[in-house]
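K.L.:
This is the structure alone, sequence omitted:
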């Protein structure tokens, strides 16, 4: 597979009422094809959220907005080979603070080590940051129950009293 210089092919999911922001690194090949986040059939992001919120997710965008969840990625453009986070080079970050200014976001979560490292490197932001493990099939060492334990913080932050 060839190294490609790509720009993020779709925008963030959010509205003015979004309270948390979940950031990946850059869309996988499957996500780029489907123009939506965490689209690879083996990615456990959506199954984790479905179990966490105890509901079937039939419309991913509506689910996020109903629960005040914004989705985006740290990277606006980069050079990448396929879906490989380890191949990412030439990063230009997304304007995360501009999105936060349009919302009620009070916490940022990154999914996976690469997203977390890039967020810490490129983004200066006043809201708390929580690094979560990757739900990618490449992170096979994390079982579903392990992911659920780690991702429980999303609900805790969403439902804490301000």
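P.N.:
Cool, got the structure. Since this is a predicted model, take the numbers as computed values, not measurements.
K.L.:
Show me what the helix or strand of the chain with the lowest mean pLDDT is packed against.
P.N.:
Of all helical and strand segments in the chain, the minimum by mean pLDDT, DSSP states H and E falls on strand 3-7, at a mean of 92. Applying 3 or more CB pairs under 8 Å, 6 or more residues apart in numbering; DSSP states H and E, we find strand 3-7 packed against strand 75-81. The way it works is simple: take the backbone N, C-alpha and C, and place the C-beta from them, glycine included.
K.L.:
Paired strands for the strand it packs on, with orientation please.
P.N.:
Strand pairing for strand 75-81, determined by DSSP bridges: strand 3-7 (antiparallel), strand 89-93 (antiparallel).
K.L.:
okay, those in CSV with distance to residue 106 and mean neighbour count next?
P.N.:
Below are the strands paired with strand 75-81 laid out as CSV (distance: least, CB to CB, whole Å; neighbours: other CB atoms under 10 Å):
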stretch, distance to residue 106, mean neighbour count
strand 3-7, 29, 12
strand 89-93, 20, 13
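K.L.:
circling back to that earlier point, show the subsequent helix or strand relative to the least confident helix or strand of the chain.
P.N.:
Later in the chain than strand 3-7, the nearest helix or strand by DSSP states H and E is strand 20-24.
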